[in-house]
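Asker: kindly return the folded structure for what I paste below:
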Amino acid sequence: MDFNTGESPGASGNMGETSSIFVTNLALEAINNNLFFATKWTSRNMQFALMSVPVGSETGLSINQNSDQFFYIEQGSALITMGNCENCLNFQSLLYSGFGAFVPAGIWYNVINMGPIDLKMFTVYAPAFHSYNAVFNTKDEWFTNKES
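Answerer: Numbers count the residues shown, from 1 in each chain. As a prediction, this is how the structure comes out:
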């Protein structure tokens, strides 16, 4: 479910550009992105987004009830924590450039930038979670819109 509209992505039947074929250089897209979160491609079944997490920051504790999520670290280092409840994040792993992490639906998670540079990564949701062309400049903007 799209937290911005309360609907499933593409529920209106109007996918617009979201049904277009999309080919890109994932590494360059991730490294050149300076937005906290920006969707780049969305279909009914999957979504690709870029993330740039500043030094000393994190994605914030989140859960996707109906979407599996994949994170791929292109640049930087991070700690990912996961667990079955908000207060029991009993899984932790360090992630570096070239590492990926799969987060199943219903699992709480947080990705924390542990390095001296901005964490550059991309994420894939299946099914899509955000609106097509969702853009959030900062984590605060992302959480403000997520909560509304």
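
Asker: from the middle of its chain, how far away would stretch 53-70 be?
Answerer: Relative to its chain's centre, stretch 53-70 lies at 6 Å (Cα atoms, centre = their mean, to the nearest Å).

Asker: just stretch 26-35 next, same as before
Answerer: Computed by Cα atoms, centre = their mean, the separation of stretch 26-35 from the middle of its chain amounts to 13 Å.

Asker: before we move on, what about stretch 98-105?
Answerer: Distance, stretch centre to chain centre, for stretch 98-105: 10 Å (Cα atoms, centre = their mean).

Asker: using CSV, list the CA coordinates for that stretch.
Answerer: Provided in CSV are the C-alpha atoms of stretch 98-105 (Å, rounded to 0.1, in the frame of the first residue of the first chain):
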residue,chain,number,x,y,z
GLY,A,98,28.9,-4.4,-3.0
PHE,A,99,26.8,-5.9,-0.1
GLY,A,100,23.0,-6.5,-0.3
ALA,A,101,20.5,-7.1,2.3
PHE,A,102,17.0,-8.7,1.9
VAL,A,103,14.3,-7.6,4.4
PRO,A,104,11.1,-9.7,4.3
ALA,A,105,7.7,-8.1,4.7
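
Asker: which residues does that stretch contact?
Answerer: Where contact means Cβ atoms under 8 Å, 6 or more residues apart in numbering, the residues beyond stretch 98-105 that reach it are 64-73, 80, 82, 93, 95, 109, 111. C-betas here are computed from N, CA, C, even on glycine.

Asker: and it, which residues are buried?
Answerer: Along stretch 98-105, the positions that meet the burial threshold by neighbour count (16 or more other Cβ atoms under 10 Å) are F99, A101, V103.

Asker: after the helix or strand where Y109 lies, which helix or strand is next?
Answerer: Counting by DSSP states H and E, the element that carries Y109 is strand 108-113. Towards the C-terminus, the helix or strand next in line after strand 108-113, according to DSSP H and E, is strand 119-126.
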